[in-house]
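no FASTA, just this:
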């Protein structure tokens, strides 16, 4: 029952992803945003590096929908991925600390998956995109202010390096 | 000896007891006993505590361990206060004097002890040497001087607090016939020196702290198995929020749900054979039931919203969980097949962290009002909602004690998040420890045998 880590697991995940991609369809979230059924792909044991060409996007409180201002940023991130076809990315979903730890872990997951789904609609292959939620665990700014909270509600994208 | 119970008059105010004592001297003990049955019935429906006198305990053994005698008194007094059954007398000087007079006389002067407001008197001694620690004490019913109960406990010196906690629970058992929680523990999250959230266990009173995970990752949501021998938790140690099971006796640690996406907020079935948890393997956080024996997984919810924080009910038939399907996080209850989903909370726009009372009649939860969390409780049969905390900070993560008389929670009312305990009606809210790394997400253990 315990998960086998490493290559076997990864190959399995990739196989599932290929299947899912074949029958991917669109559903509509409560906010009316298009969300594909892209599933999470864990980047266990991977190292990552920051990439200046990949920008963060922000979210509204308790929302995982991609805001209009974020779409342009994600388009630029997608362009970077097109220009760097050998690079895979890890999208991290983050929350401000106002909600509960439990709910924020799930909300961060939805944010990461929203970004993945949007990048897929822009033509990026789903298997190049790993996702993880850090919930409210890794705030950029620990202050308790609207400004800090807005900074912390984000999806951060890094490049995986093995 | 539990019939001692029937003879206790639970008059809390010492003034009244003093008046009674005067009456007793006029009309004799018979009249007091005649009245006690009636008073007893009153006290059982109310929340009056029984007054117990605990004078200094005698000591024998290694002289350098003499301080353990006073430590034992302090632990018992705290346990009995926390139990909500007793109110230990505070005036140590008077008790020391009376104990001295008893020694001189060579017998216990029960009316003297009654006159200071005591209903039960505890006398005894502590023995300690380099290896072992024991407590032997006698409980006297001051309304029936012929009734005496002897209680003994022995254990290793390095675990003397647990020995004393067992004494406290025996006192509660002998007088009230109820299982105490003095030997229970709390598992929770605190940050280590490097800032990583790690899992800790302490005694229910915040003492005897032990760190049980030591990794360089975020660890969250610890929860006890029903036999209190294992702890489930979510950890990022392999680079994804996966669910682990740690055996406290063997130290064996293994992943039990490590699918892509979140594997979090697990809660055990009462028989310990299954868990419910939140997973996002389908592309959205949903509630799943996991059979721990054969690894089979069954999806219980299917909604567009977030489904998380499942809590298995004490009768094993239902699961409470949080869902944002209505647009905001609210608490729902469903059966263990995922059917008969019923929304429980309607007030407020952010409710999460459902925790069942041990009798399954109530759910406590965290609710956000004006940007702050408070703890509420809803009675599932009447739908009556009650606010239990109202501090300037956030009060979160309620967890019931196994006797249903207390709730542990985390609060940042004094600055950083620390662990607190309150009575189940919201009374007597107090911090049980102060840690540099804070205290988050407590889970109260079941009764330990």
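Structure's in. What do you need? Every value quoted in this text rests on a predicted model; they were computed, and no experiment measured them.

can you pull out the helices in the stretch 151-300 of chain B?
B:160-176 (DSSP state H, counting those that start in this stretch).

The stretch 1-150 of chain B too?
Under DSSP H, counting those that start in this stretch, the stretch 1-150 of chain B gives helices at B:14-27, B:29-45, B:67-83, B:92-105, B:110-115.

For those, which has the smallest mean pLDDT value?
Sorting the helices of the stretch 1-150 of chain B by mean pLDDT places helix B:29-45 lowest, at a mean of 35.

got the residues of the stretch 151-300 of chain B near chain A?
Those residues of the stretch 151-300 of chain B that sit near chain A, judged by Cβ under 8 Å from any Cβ of the partner chain, are B:197, B:218, B:220-221, B:234, B:236, B:238-242, B:254-262, B:264-265, B:278, B:280-285, B:294-295. (Each C-beta comes from the backbone N, C-alpha and C, glycine too.)

Could you write me a PyMOL select line covering just the buried ones among those residues?
Filtering these down to the buried ones (16 or more other Cβ atoms under 10 Å in any protein chain shown) takes a single PyMOL command:
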select buried, chain B and resi 197+218+220+221+234+236+238+239+240+241+242+255+256+257+258+259+260+261+262+264+265+278+280+281+282+283+284+285
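
Which helix or strand in the chain has the lowest average pLDDT?
No chain was given, so I picked chain A. The helix or strand of chain A with the poorest confidence is strand A:26-28; it has a mean of 38 (mean pLDDT, DSSP states H and E).

my bad, the chain I had in mind was chain B
helix B:29-45 (a mean of 35).

Would you tell me which helix is longest in chain A?
helix A:101-121 (DSSP state H).

Spatially nearest residue to the residue nearest to the spatial centre of chain A, not counting backbone neighbours?
Centroid-nearest residue in chain A, with Cα atoms, centre = their mean: residue A:112, separated by 2.5 Å. Excluding its sequence neighbours, the residue lying closest to residue A:112 (Cβ to Cβ, 6 or more residues apart in numbering or on different chains) is residue A:93, at 3.4 Å.

cool, residue B:433 as well?
residue B:206 (3.6 Å).

residues in contact with that neighbour?
By Cβ atoms under 8 Å, 6 or more residues apart in numbering or on different chains, the contact list for residue B:206 reads B:186, B:419, B:432, B:433.

Just give me the closest of those residues to chain A.
Proximity of the contacts of residue B:206 to chain A (Cβ to the nearest Cβ) peaks at residue B:419, which lies at 14.7 Å.

shouldn't the closest one be in contact with residue B:410?
Yes. Between residue B:419 and residue B:410 there is a contact at 6.0 Å, judged by Cβ atoms under 8 Å.

Now do the SS call for residue B:441.
With DSSP: H, G, I helix; E, B strand; the rest coil as the basis, residue B:441 sits in strand.

Counting neighbours, what do you get for it?
Counted with other Cβ atoms under 10 Å in any protein chain shown, the neighbours of residue B:441 add up to 27.

what do you get for residue B:445?
21.

what does residue B:73 give?
21.

close enough to count as contact, it and residue B:57?
Yes. Shown here, residue B:73 and residue B:57 form a contact pair, counting by Cβ under 8 Å, at 5.9 Å.

In contact with the residue in the stretch 101-250 of chain B that chain A sits nearest to, which residues?
Nearest residue of the stretch 101-250 of chain B to chain A: residue B:240, at 3.9 Å (Cβ to the nearest Cβ). If you count contacts by Cβ under 8 Å, 6+ apart, residue B:240 has them with A:42, A:43, A:44, A:132, B:258, B:260, B:261, B:263.
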